[in-house]
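Participant: dropping a prediction and its sequence here:
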Amino acid sequence: MATQQSHGATAVITHQVRDAQHAEYEHWLTQIVPLVRETTGFLDVQIIRPLRGLTDTYTVILRFDCEDDLRGWLTSSSRQRMIETVKPILAKGDSYSVHSGIDFLFEPQGSGHRVPVRWKQFLVTWTAILPLTLVLPLMVAPALHALGWHNRIVITVVVSAAAVFLMVYVVMPRYTRLVRRWLFT
């Protein structure tokens, strides 16, 4: 358990919201996020909102200092009360998984808790990020310049957001399937 705690813990929560109820869910987020921020061990929360017309799923990523603190929040009475209030607008209910570090990027669907050794995670992540960090700035910066956005910080924020989105939703799921045999041996 000490090894898991030294790497922190991440919960990936998915909520599929019923049609036309996104405003209600957004309001619910304004109520639950302050509660989780006050919880012992809380480090960070990221909310990945659905792309209108493509998906109705919100993904909430919670990071805590250790798995015990994270599980404490997930099973707390405060969270359970908040989940009960949001259930009527969810199409599939409350679903989450708990991981250490960024291991969830490497865990094959339905595989249980098999996670590859860290040096293999490093190599796979690096070889996936390298092409994105070389190509995305060349594609995104000219487009932003054409729109009149010349601020280097804005360009960096847009490029990094695009890189993370592509890594989590496009590149890593496919790449880890491609190298699965090597990754898990």
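Facilitator: Cool, the structure landed. Numbers count the residues shown, from 1 in each chain.
Participant: the chain: strands as residue ranges?
Facilitator: Ranges of strands within the chain are 9-16, 42-48, 57-64, 95-99, based on DSSP state E.
Participant: comparing those strands by mean pLDDT, which bottoms out?
Facilitator: Lowest mean pLDDT of the strands of the chain: strand 95-99, a mean of 82.
Participant: what are the contacting residues of that strand?
Facilitator: By C-beta atoms under 8 Å, 6 or more residues apart in numbering, the surrounding residues in contact with strand 95-99 are 9-15, 67, 70-71, 74, 104, 107. C-betas here are computed from N, CA, C, even on glycine.
Participant: okay, those in CSV with distance to residue 47 and neighbour count next?
Facilitator: Putting the contacts of strand 95-99 into CSV (distance: C-beta to C-beta, whole Å; neighbours: other C-beta atoms under 10 Å) gives the following:
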residue, distance to residue 47, neighbour count
9, 18, 23
10, 14, 22
11, 13, 21
12, 12, 17
13, 10, 18
14, 11, 16
15, 10, 24
67, 21, 20
70, 17, 25
71, 21, 14
74, 16, 19
104, 16, 17
107, 21, 16
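Participant: hmm, back to that, let's have the strands of the chain in JSON lines, adding distance to residue 89.
Facilitator: Listed next are those as JSON lines, based on distance: least, C-beta to C-beta, whole Å:
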{"stretch": "strand 9-16", "distance to residue 89": "9"}
{"stretch": "strand 42-48", "distance to residue 89": "16"}
{"stretch": "strand 57-64", "distance to residue 89": "11"}
{"stretch": "strand 95-99", "distance to residue 89": "15"}
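Participant: and these: which comes nearest residue 159?
Facilitator: Nearest of the strands of the chain to residue 159, taken as C-beta to C-beta: strand 42-48 at 17.1 Å.
Participant: how far does the closest one sit from the chain's center?
Facilitator: 8 Å (C-alpha atoms, centre = their mean, to the nearest Å).
Participant: for that strand, which strands pair with it and how are they oriented?
Facilitator: Sheet pairing here is set by DSSP bridges, and for strand 42-48 it gives strand 57-64 (antiparallel).
Participant: mind listing what's buried in the partner strand?
Facilitator: Along strand 57-64, these residues count as buried under the neighbour rule (16 or more other C-beta atoms under 10 Å): 57-64.
Participant: cool, stretch 76-93 as well?
Facilitator: For stretch 76-93, the neighbour count (16+ other C-beta under 10 Å) marks 79, 82-83, 86, 89-90 as buried.
Participant: try stretch 136-143
Facilitator: Neighbour-count burial for stretch 136-143 [16+ other C-beta under 10 Å]: 136-137, 140-141.
Participant: and if you look at stretch 158-174?
Facilitator: 158-159, 163, 167-168, 171-172.
Participant: perfect, I'm done here.
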